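*Asks:* Sequence plus the predicted model coming up.
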Amino acid sequence: MRNIGKKLYIFDIFCTFAGYIMYMRRIIFVYLALWIGGTAYAINARQLADSLDQWAGFDLGCVPKVRVTNLKTRGSYVWVYTNNTLGGLSLSENQLIQLRYQVSRWVLGNSLGKVSIYSDNYELGELITDRFRPRKDNDRYPIPHAEKMKQALHGQNIALWPSHGIYYNQDEDRWKLQRATMWSTVEDVYTTAIAELTSQCLERAGATVFWARARYGRDSAATELGTSGYPRWTEGARYWLEYMGVPDSVWRPRPTEKDNPTLFSNDSIRRDYLDDLRCRGNWVNWLCDSLPITLSIALHTDGYSQPGDSTTIGTLAIYSRENRNHKTTFGNGQDRFINRDLADYVQTQIVEDIRRAYCPTWSRRQLMQAGYCETKYPEIPSLLIEILSHKQLADIQYALDPHFRRCVARAIYKGIGQWIHIQTGTNFVVQPLAVQQMRITPVDNTQLQISWVPTIDSLTPNAQADYFILQWRQNDGAWKEIETNKTEYIFTPNVGVRYDFRVIAGNDGGTSEPSETLSAYLSPSPRVATPWALIINGFNRTSGPQWFADSTYAGIVPGSYSIPDGEDGLFIGEQWEYNRALDWISDDDCGWGMCYRNQLGLRQVGNTHDYAVRHGRVLARMGISYVSTNSEAITTIDSTYAFVDLVLGKDKIGLPPYVQDYVRKGGKLIVSGAYLGTIPNASRNGVVQTAKGIYTYATYPNSQRLCAEDCHAFVSNKSQKVLARYKDSGMPACVQDGNTILWSVPLDAFENADELLQTCIEYEEITPHTGTH
C-alpha cells in the first residue's frame, strides 16, 4: 500500500506539471497565431455576438439577436460577419469608430486592430446615412420643382397612405378587416388619423398630397357606402383605386415569374388581399407617369408585444435596397440606398420628438431593409413606418392620446422636410404651431380688439411665427383674411352682424393650424345700453380614455372614451376582453384587449374648439351683445360684463379664481361642465327632467354632438335650488346658487342645447346691450 501511495503521489506531480506545460503551450499558441495570422481569438464568435448585442441596445424581443456568422483575423486585421441586426442601427462616423475600437479590444485584446464589420453583406461604413455623411452633389436625389420650394415644400407632390383597410376574403366569403380589433380601435382605421394629420402638415407647407385610400373630408365619395356596407374611407386601397377609375393593371396586377411564388399559392383565395398589398406601389409608379412625385410613405402599426406594462415596442422604419426586379437603382439611375437616408430622417425625428415630449424611454427599433411591396415597388424614394405596436399596452396608451398623434404626424412632416432640403442643399424652416390664449375685448362699445399669443415649439427652435392671418366671417359666411405681424388687431364690426374670428400663424416654412374660433356680436336693439355678455371657453382638453391595470386584468376603464381633437373615426367599439392570460389566436379571436366593432366606420365628435360660436348664435338671436375669450387668456372679469357663459365641456379645471371673484361681486354666471358636481356616474341613460320637460344628452361616442359619459351630480344643498334632475337616479343635474346656474352636464352634449341655454339666460333675466350707436 505504501508503494502504491508513493506512485500516486509521483503521478499527481507529473499531471500538475504536464497541465502547466499544456496551459503555457496554449497561451504561446494564441500569441503566436495573432503574430503570424490565424483564427485564434480572445473571445469566441458566440461571446462576441453577445457583446455586440449588448452594445447595440436592442432590448426588445421583436428585434433578432446579433449573430456572428463568421469571424476572421489576420495579424491586426479583423473581419466580423453578422446577420442583419447591426445594419438596423443608425450609426454616425464616430459611433462606428468606437464600435470598431471595442471589437478590436474584444477580439485582439487591444484597440489597434483594423476592424471591418459586416451586416447582411454590407460593411457598416457603407450604411451610414446622409444624416451623418452628406452626399456629394451628384449623389443627391434630384428633387422635382426644387426652385419653387423656398424654405418650405412648395411644388412637392407626395404619395401617402394609411395601412390596410377592409377587404373581401374569398375563402371566408365575407368582407373583413386586415388586422385585429383591439383597445377600441384597429390598425386599418387608426392609421387614417395619423395620415390625415401628416397630410395637413405637408399641405400647410405647400406640398400636394395624394392618397392611395379614400381620404375622409377631402374625397367627396369617402363617406359613400362601398361594397362592404362601410364608408369608402375604411376600405383598402385596391377598391378606392378601382372606384376612381385607375387602370386595372394597377389595382389588379397579374403575378409574374419575378413575384414571390409563395404569395400566390392560393392566389384565387387571397386575390383581393394581395392586390391591396401590391396596388399601392403600382399606383405610385402610375402617378409618376403624369406627375413628378417626390416620395411615397406608408403608415402602419404592428402587432409585436412583450412583457411589461411600461415597456414600449416603439418605432420601426422599413426601406428596400432592391426593387421587384432586384435592381439597386431607381429608373433615373440613382442608388436606392437613398431610401435608407429618407427612412433614417423620418424615424429619427419621430423617436426624438416622442422621447422629448412624452416618453423618454420610447424604443427606436431597426432601420430595417426588407422587400415589402410598399417600399420595393415604387421607383422613387419610399419608406414604411411602423409607428408603434397596437398590441403593446404602453404603446396603445400613447396611441389613443390625440396630442401624441399630432406629435407623431408633425415629426413625420419634419423628417420628410429635412430629407428633401438636404437633397437640394437649402434651409428647411418648420411651420409654426397654432396660436393660443385668444381673446376678444370690446373697445368703446363700437370696436373689437382681437388678441392672441404665439406658441413656442420647444421641440423645434426655428418654428417661430413671423406673421399672422386673422380670418373673419359674417353670420357663418365665407372666411376673409387680414395679414398682420402683430399679435392684436382692432376690428370695426357692423351692428346686428355676428362675427367669428380665428388666427393662423405663418413663417417661411408654411402656416399653422387655425386657432380655436371665437365670436362677437353688437346688438342693434334701441333700448338703453347694459353691459356686455362674455362667453368664456374653458374646454381646452383632448385626451385618450382612462386606463386600469392589475396582475390579472388590464385595459380601458369600461365606459371611458377618448376626447378627439375635432372629430375622428378611431373608436370602433368598447374593449370587452380584459384577461391578460388570453393570447392572440387569430384576428377574430385576438385575446387580451379585444374590442367590439359596432362603431366601425362612424365618426366621433370631440372637442371642436368652436363653442363660443355655438353659444354666440343663441345670444345673437336673443339680441344680446357679447364677446368671447379663451379661459387661459384672462385673469380678471371687470364690470364691463354683467353676464358670463362659462363653457367647461369635459375639461376638469373647475371654476377659475377670476370667475369666483366675479360671482362674489354680484356677476351673473351660467356654467356647464361634466365634472362640476361631486358625485360621479350620476346617470346611465343621459336623460334629465326640468320644469319645462325632458331633455336627453349623448352618453356614447357619436357623430352629432359631444359625448358626456361620466357626468357628475350635485349634492343636495338647502341654499341651492334644483332646476333639473337626472331621471334615472333623481340626483341634481342643474342647480341655481344665487346669481349662478350650474349644469353638471355639458350643454353641448344635449340634443336641444340651444333651447336649454336660452332658457337659462331668460331665467337669469339678461338685458340686451345696444352699444352707443
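*Replies:* Thanks, I have it.

*Asks:* A helix includes A733, no?
*Replies:* No: according to DSSP: H, G, I helix; E, B strand; the rest coil, A733 belongs to no helix; its state is strand.

*Asks:* Let me know the pLDDT of it.
*Replies:* pLDDT recorded at A733 is 98.

*Asks:* wouldn't it be in contact with A682 here?
*Replies:* Yes: the criterion here is CB atoms under 8 Å, and A733 meets it with A682 at 7.1 Å. In short, each C-beta sits where N, CA and C put it, glycine included.

*Asks:* Would you mind measuring from A691 to E632?
*Replies:* In this structure, A691 lies at 36 Å from E632, with CB to CB, to the nearest Å as the measure.

*Asks:* Mind checking which of those two has more residues around it?
*Replies:* E632 (17 against 7; other CB atoms under 10 Å).

*Asks:* Can you give me every residue that contacts the more buried one?
*Replies:* E632 is in contact with 436-437, 540, counting by CB atoms under 8 Å, 6 or more residues apart in numbering.

*Asks:* what does the model give the residue lying closest to Y697 once chain neighbours are set aside for pLDDT?
*Replies:* Sequence neighbours aside, A749 is the residue nearest to Y697 in space, at 4.1 Å (criterion: CB to CB, 6 or more residues apart in numbering). On pLDDT, A749 comes in at 98.

*Asks:* For A749, grab the count of nearby residues.
*Replies:* For A749, using other CB under 10 Å, the count is 26.

*Asks:* Relative to T426, how far out is it?
*Replies:* Counting by CB to CB, the gap from A749 to T426 is 49 Å.

*Asks:* next one: E379
*Replies:* Taken as CB to CB, the span from E379 to T426 is 25 Å.

*Asks:* same for the one helix or strand L757 maps to, what does it pack against?
*Replies:* Using DSSP states H and E, L757 sits within helix 753-764. The elements that helix 753-764 packs onto, with contact taken as 3 or more CB pairs under 8 Å, 6 or more residues apart in numbering; DSSP states H and E, are helix 611-621, strand 641-649, strand 668-673, strand 740-743.

*Asks:* Between strand 668-673 and the first one, find me the angle.
*Replies:* The one in question is helix 611-621. Here helix 611-621 runs at an angle of 140 degrees relative to strand 668-673 (axes from the mean of the first three to the mean of the last three CA atoms, to 10 degrees).

*Asks:* who does helix 611-621 touch, helix- and strand-wise?
*Replies:* With 3+ CB pairs under 8 Å, 6+ apart as the test, helix 611-621 has strand 498-507, strand 518-521, strand 532-537, strand 626-630, strand 641-649, helix 753-764 packed against it.

*Asks:* Report the beta-bridge partners for V644.
*Replies:* Note on V644: beta-bridge partners L534, L669, judged by DSSP bridges.

*Asks:* do the one 5 residues further on as well
*Replies:* Using DSSP bridges, the beta-bridge partners of G649 come out as G673.

*Asks:* give me every residue that touches it.
*Replies:* 538-539, 541, 607, 611, 672-674, 706, 746, 748.

*Asks:* Next, find the distance separating it from T517.
*Replies:* G649 is 15 Å from T517, by CB to CB.

*Asks:* likewise T759?
*Replies:* For T759, the distance to T517 - CB to CB - is 25 Å.

*Asks:* Comparing the two, which shows the higher neighbour count?
*Replies:* For T759 versus T517, the count of surrounding residues by other CB under 10 Å is larger for T517: 22 against 17.

*Asks:* Quick one: residues contacting that one.
*Replies:* 500-502, 609-610, 612-613.

*Asks:* pLDDT wise, what is it at?
*Replies:* 98.

*Asks:* That one and Q471, how far apart?
*Replies:* Distance from T517 to Q471, by CB to CB: 9 Å.

*Asks:* Save the contacts of G649 as TSV, and put in neighbour count too.
*Replies:* Shown next, in TSV, are these (neighbours: other CB atoms under 10 Å):
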residue	neighbour count
G538	24
F539	27
R541	16
N607	24
Y611	28
S672	30
G673	27
A674	26
L706	26
P746	27
D748	25
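
*Asks:* how far does stretch 298-313 stretch from start to finish?
*Replies:* 19 Å (CA to CA, to the nearest Å).

*Asks:* ditto for stretch 674-688
*Replies:* 14 Å.

*Asks:* Can you give me the buried ones in it?
*Replies:* Buried residues in stretch 674-688, counted by 16 or more other CB atoms under 10 Å: 674-677, 682-683, 686-688.

*Asks:* ok, those residues vs I385, which is closest?
*Replies:* Distance to I385 across the buried residues of stretch 674-688 (CB to CB) is lowest for A674, with 36.0 Å.

*Asks:* so what's that closest one up against?
*Replies:* 648-650, 708, 710-712, 744-746, 749.

*Asks:* Tell me how far it lies from E567.
*Replies:* 18 Å.

*Asks:* do W251 as well
*Replies:* When W251 is compared with E567 (using CB to CB), they lie 29 Å apart.

*Asks:* And the two? Which one has more around it.
*Replies:* In terms of neighbours (other CB under 10 Å), W251 is the more surrounded of W251 and E567; the figures are 26 against 15.

*Asks:* buried sites along the helix or strand V408 falls within?
*Replies:* For V408, the enclosing helix or strand under DSSP H and E is helix 402-424. Going by neighbour count (16+ other CB under 10 Å), the buried part of helix 402-424 is 402, 404-423.

*Asks:* do the same with stretch 710-724
*Replies:* Applying 16+ other CB under 10 Å to stretch 710-724 flags 710-714, 720, 723-724 as buried.

*Asks:* can I get the CA coordinates of that stretch in CSV?
*Replies:* The C-alpha coordinates for stretch 710-724 follow below in CSV (Å, rounded to 0.1, in the frame of the first residue of the first chain):
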residue,chain,number,x,y,z
ASP,A,710,-69.4,60.4,-16.9
CYS,A,711,-71.4,63.4,-15.7
HIS,A,712,-71.4,64.2,-12.0
ALA,A,713,-74.2,65.2,-9.8
PHE,A,714,-74.5,67.9,-7.2
VAL,A,715,-75.1,67.2,-3.5
SER,A,716,-78.4,68.4,-2.3
ASN,A,717,-78.0,71.7,-0.6
LYS,A,718,-80.7,73.9,1.1
SER,A,719,-79.1,77.1,-0.2
GLN,A,720,-79.4,75.9,-3.8
LYS,A,721,-82.5,75.5,-6.0
VAL,A,722,-82.6,72.3,-8.1
LEU,A,723,-83.6,73.2,-11.7
ALA,A,724,-83.0,69.7,-13.3
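
*Asks:* how about low-confidence regions in the protein?
*Replies:* 1-41, 255-270, 526-530, 766-773 (pLDDT under 70).

*Asks:* From T375, how far off is the residue nearest to I416 when sequence neighbours are not counted?
*Replies:* Nearest non-adjacent residue to I416, counting by CB to CB, 6+ apart: V346, 6.3 Å away. Applying CB to CB, the value for V346 to T375 is 13 Å.
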